[in-house]
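**Q** following is a predicted model, sequence given first.
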Amino acid sequence: MGEAIDLDSKHLHARKREGVLTVRIDRPDRRNALTIEMYHGIKKACVVAERDPEIDVVVVTGTGEWFCVGGEMGGQHEGGEKLDRFTDGIDLTPFVQLERCPKTVVMAINGMCQGGGLVMTLMSDVSIVSDRARFRVPELLRGVADCYLGARLAARIGVARAKYLLFTAQYFSAREAWDMGLVSRVVPHEALDAAVDDAVTQIRATGPAARRALKRDINRHLPAIDFGMFQDSLVGEECREGFRAFVEKRPPRWPAI
């Protein structure tokens, strides 16, 4: 079974076994939406992996029909006393840490993936996807100008496709995600666990120091992330209206610009 790792969230189950730290998102009643504590816990997993010489690969996966639909928008967080949400802000999110982690980060996408789940996919190194998975980029429906998507989606799939997915917020399939170069591999749903294990075995057969250096070299060519744009968006009226509309289950009434 391996050694359990506490990530400070009741909805994250993490185990270290044979050089691999596996994090399972387990909040299916909320479609695996991430509380602030869960976001911070995934970030903590990257830090744990970086500091532990026995850990070579980090795997993140989900429970049930969902991988991750993004952040919790209904206000149902866990009340973690250790987290200062006001001052830490987006520093609690794991996205940059996933990309900077010197260990190889693998997303095992078992189902619906959107919002923060899609951002984690973009910031990871390898993504193995069930053919049942679906994807969406819904941030603009909430009035959010997401800096991670701006910096990483177009770099991954091209400007034309990125703008179409961002501006329409339409759903797309695992096969479409693979065709446009968004994910690494698509496999039959029942073969997902075996495919992830196989990929991890193959990854760990490569030189860890060389792999770490190459990850750093590839990532240093990626575009800068505009955190200021993101922060301005999050405190803007469009974002407030987008979140209200989501909670009230109605179309947003965007303010005039």
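**A** Nice, I can see it. These numbers come from a predicted model, not from an experiment. Numbering: from 1, shown residues only.
**Q** quick check: buried residues in the biggest helix by length in the chain?
**A** In the chain, with assignment by DSSP state H, the single longest helix is helix 36-51. Of the residues in helix 36-51, 36-46, 48-49 count as buried by neighbour count, 16 or more other C-beta atoms under 10 Å. For glycine as for every other residue, the C-beta is placed from the backbone atoms N, C-alpha and C.
**Q** what's the closest of those to residue 112?
**A** residue 38 (16.1 Å; C-beta to C-beta).
**Q** low-confidence ranges, this protein, go.
**A** 75, 80-90 (pLDDT under 70).
**Q** can you tell me the centre-most residue of it?
**A** Nearest to the mean C-alpha position of the chain, by C-alpha atoms, centre = their mean, lies residue 120 at 2.0 Å.
**Q** show me what residue 22 is bridged to.
**A** Here residue 22 sits in beta bridges with residue 15, residue 59, as judged by DSSP bridges.
**Q** distance of it from residue 108?
**A** 8 Å (C-beta to C-beta, to the nearest Å).
**Q** and residue 32, by the same measure?
**A** 13 Å.
**Q** more neighbours, the two?
**A** More crowded of residue 32 and residue 108, by other C-beta atoms under 10 Å: residue 32, with 27 against 24.
**Q** so when I look at the more buried one, I'm seeing a helix, right?
**A** No - Residue 32: not assigned to a helix; according to DSSP: H, G, I helix; E, B strand; the rest coil it is coil.
**Q** these two touch, right, it and residue 65?
**A** No - counting by C-beta atoms under 8 Å, residue 32 stays clear of residue 65, with 9.0 Å between them.
**Q** so who does residue 100 touch?
**A** 46, 219 (C-beta atoms under 8 Å, 6 or more residues apart in numbering).
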